[in-house]
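Trainee: this one's sequence-less:
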């Protein structure tokens, strides 16, 4: 990882690889940026009642102050506004010099998915989807949107997906891994049905507040624990999707885990396979070893990439997960940005590099 | 309340009032009593995996040991088995001497509604509904069943209701007030739709485990607090049903709150009306003052009846709630049984007595 920006103009163009960056964060200056696509009722709601979420971290930021806006120090546009809020600066600082052929937008605010007021949440998601089109994807065709939906009102989420289906401004559905319940539960199935019907993967970027402790051991004390607990959420999510039979029910469903790492996958899978062999009578709807569902249905983005002491272990991991299941991502403009030129501390052969940096995302998202 | 049984044969028949008892608990000797109506898979599941619920009271009984099986000391059938498990003894001890014209069954076990395994939970509910018919309502036509459903899988619950609709062995749907979320939330609406279509009230008897603290102030220390926290659950439930707009969406829905008292209703309603007058813009789907929905849609059973120091205050309460909204109940065979002859510490006029002890339930449940 790197918090320093490098001058990419010094890298010769012919040595650059065209990449697909599967995690770029566009930002609003404020919630009122959504006003053009919000009914007057919700514009007033923001002023009068504002947000109402289940959030266990009272008086605590989700992210530390050490890097304001969770961002690289150099990512603040000279024209003002927070990092990720101004397209020309994003083009100049990231898309152009890093040879980004396509960039997948992950809009973390406005938290439409975690609002307890379901109507308000759905209105925020819809407005943020319009905002992605008007402010980003139609201004720069390299950028691709993710359809924000509120998982706690699956019927509205399914409608939002159906409404955007076929619109190539969007290449996936976006939900947070931390929902009110583990996401394999049946209440969320209408969303998976809609995603399959629209032939769209579901991207789950680390986020979400549900009021539950972020670690299975309870509320952690430090940000360093909080940051790691995202990985535990991903493990719970994968276990839930497999064990509730989601992939049996939706055999064409594709899941992308974003910013949750991937080094934990083999260990989780070995354990699940072993338990399944012994206790499958509890889950007869799970017809095959968990590892098979995971290998078939789940993709992983690379950032923040794990850095084993022996770099060859990274190769072992890639071999195990499958070189066709990893998607390169930078997390621009966040502080733990992975630079495409320095991300892998071990040499990858050209074919593998081509897949991870571009080919896998191209195939998954159906891009040129 | 009384923990002593009285010899009802000493009361002259002509002084007895025919009553409808809206809370009688039939009991299984063990979960395996349901085997005749459970697929082999679930019979084996009980042996191999047993129940899996969210229950915050680890290593703690829901009820104190002072009254085993939460029951009157004299309610254990001489033929063996727990209180409420043997019809002839229930007839001899309660139905006959107390002049019970109809008795509404509330089957608290087998917790089908709180199982995390939704298939298992639905199977338990269905089996317990068959058990109610075979063991109770078809053996004594005075007894009427409540259709147990698992609220966390609303589609299955709605199917179970539709399947029993028109079967007069059942007069209502049964759910616990403590669900995973406040019961007004949209995820539960399919159940309300099904109940309205079947023209059945929903009876909510204090119970349910969801892993959340039973009091809004956190986990209580004592059983005496736990017992009272049921009243808080009822208040949260009523607030949720009103504020989520359930009664606007389902104008024919009828709700019966069982064993949760009723003295708290005026205070809650006053406050809700006041808040609604000021902040109704947050809940524009709530078209009328909360008190109107509560008066129209909610019934209350009497046991354990509140005992104000000045008995006339009980009359004030009845006047406020409406004499047509109270349903007499004994809670037989539980320890805090209310005896129909001694329950009201203040004289009621004959017309009012007739309504509370019989007429209201007769009208609500469509009985002869």
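Mentor: Nice, I can see it. Predicted, not measured: the structure shown is a model, and the values here were computed from it.
Trainee: Look up how far residue A:345 lies from residue A:309.
Mentor: Per CB to CB, to the nearest Å, residue A:309 is found 10 Å from residue A:345. Every C-beta, even on glycine, is put in place using the N, C-alpha and C of the backbone.
Trainee: Show me which of the two is the more surrounded one.
Mentor: It is residue A:345, of residue A:309 and residue A:345, that has more neighbours when counted by other CB atoms under 10 Å in any protein chain shown, with 10 against 5.
Trainee: How far off centre is the host helix or strand of residue A:271?
Mentor: Residue A:271 is part of helix A:265-279, with elements assigned from DSSP states H and E. Using CA atoms, centre = their mean, to the nearest Å, the distance from the centre of helix A:265-279 to the centre of the chain it belongs to is 25 Å.
Trainee: Up against chain B, what does the stretch 1-150 of chain A have?
Mentor: A:41, A:44, A:45, A:48, A:49, A:117, A:118 (CB under 8 Å from any CB of the partner chain).
Trainee: Next, the contact list for the residue nearest to the last one when sequence neighbours are not counted, please.
Mentor: The shortest distance from residue A:118 to any residue that is not its chain neighbour, by CB to CB, 6 or more residues apart in numbering or on different chains, is 4.2 Å, and that residue is residue A:153. Applying CB atoms under 8 Å, 6 or more residues apart in numbering or on different chains, one finds that residue A:153 lies in contact with A:118, A:121, A:122, B:186.
Trainee: number of nearby residues for the last one?
Mentor: So the one you mean is residue B:186. Neighbour count for residue B:186, taken as other CB under 10 Å: 19.
Trainee: again with the second one
Mentor: Look at residue A:121: counted by other CB under 10 Å, it has 27 neighbours.
Trainee: The first one too?
Mentor: Using other CB under 10 Å, residue A:118 is surrounded by 18 other residues.
Trainee: correct me, but it touches residue B:186?
Mentor: Yes - using CB atoms under 8 Å, residue A:118 is in contact with residue B:186, at 6.3 Å.
Trainee: show me what contacts residue A:308?
Mentor: When contacts are counted by CB under 8 Å, 6+ apart, residue A:308 is found next to A:263, A:314, A:317.
Trainee: Could you pull out the helices in the stretch 1-150 of chain A for me?
Mentor: For the stretch 1-150 of chain A, the helices defined by DSSP state H, counting those that start in this stretch cover A:40-48, A:87-90, A:118-131.
Trainee: Tell me which of the ones you listed is the most buried.
Mentor: Each of those was assessed for mean neighbour count using mean count of other CB atoms under 10 Å in any protein chain shown. The highest is helix A:118-131, with a mean of 23.
Trainee: what sits against the residue of the stretch 101-250 of chain A found nearest chain B?
Mentor: Per CB to the nearest CB, residue A:187 is where the stretch 101-250 of chain A lies closest to chain B, at 5.7 Å. Applying CB under 8 Å, 6+ apart, we find residue A:187 in contact with A:154, A:181, B:187.
Trainee: Check residue A:199 too.
Mentor: Contacts for residue A:199 (CB under 8 Å, 6+ apart) come out as A:165, A:252, A:366.
Trainee: what residue ranges in chain A are flagged as low confidence?
Mentor: Applying pLDDT under 70 to chain A flags residues A:1-16, A:58-66.
Trainee: Strands of the stretch 201-350 of chain A, residue ranges please.
Mentor: Here the stretch 201-350 of chain A has its strands, by DSSP state E, counting those that start in this stretch, at A:202-205, A:255-258, A:298-301, A:326-327.
Trainee: Check the stretch 51-200 of chain A too.
Mentor: A:100-105, A:143-148, A:170-175.
Trainee: Adding distance to residue B:290 and mean neighbour count, write those strands out as CSV.
Mentor: Formatted as CSV, the strands of the stretch 51-200 of chain A follow (distance: least, CB to CB, whole Å; neighbours: other CB atoms under 10 Å in any protein chain shown):
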stretch, distance to residue B:290, mean neighbour count
strand A:100-105, 42, 23
strand A:143-148, 33, 27
strand A:170-175, 34, 26
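Trainee: Using JSON lines, lay out the ones you listed together with distance to residue B:159.
Mentor: Formatted as JSON lines, the strands of the stretch 51-200 of chain A follow (distance: least, CB to CB, whole Å):
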{"stretch": "strand A:100-105", "distance to residue B:159": "40"}
{"stretch": "strand A:143-148", "distance to residue B:159": "31"}
{"stretch": "strand A:170-175", "distance to residue B:159": "28"}
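Trainee: Residue of the stretch 151-300 of chain A closest to chain B, please.
Mentor: Of all residues in the stretch 151-300 of chain A, residue A:282 sits closest to chain B, at 5.2 Å by CB to the nearest CB.
Trainee: hang on, isn't that residue packed against residue B:45?
Mentor: Yes - with contact defined as CB under 8 Å, residue A:282 reaches residue B:45; the gap is 7.1 Å.
Trainee: what touches both of these two?
Mentor: Residues touching both residue A:282 and residue B:45 comprise residue B:117, with contact defined as CB under 8 Å, 6+ apart.
Trainee: hmm, back to that, between the contacts of residue A:308, which sits nearest residue B:350?
Mentor: residue A:263 (77.7 Å; CB to CB).
Trainee: Without its sequence neighbours, what residue ends up closest to that closest one?
Mentor: Spatial nearest neighbour of residue A:263, excluding adjacent residues (CB to CB, 6+ apart): residue A:306 at 4.0 Å.
Trainee: got a list of what that neighbour touches?
Mentor: Going by CB under 8 Å, 6+ apart, the list of residues near residue A:306 reads A:261, A:262, A:263, A:314, A:317.
Trainee: could you redo the last one with a cut-off of 7 Å?
Mentor: By CB atoms under 7 Å, 6 or more residues apart in numbering or on different chains, the residues touching residue A:306 are A:261, A:263, A:314.
Trainee: In helices only, show me the residues you listed.
Mentor: residue A:314 (DSSP state H).
Trainee: Drop anything exposed from the contacts of residue A:306.
Mentor: The neighbour-count test (16 or more other CB atoms under 10 Å in any protein chain shown) marks A:261, A:263, A:314 as buried among the contacts of residue A:306.
Trainee: Cool, thanks, talk later.
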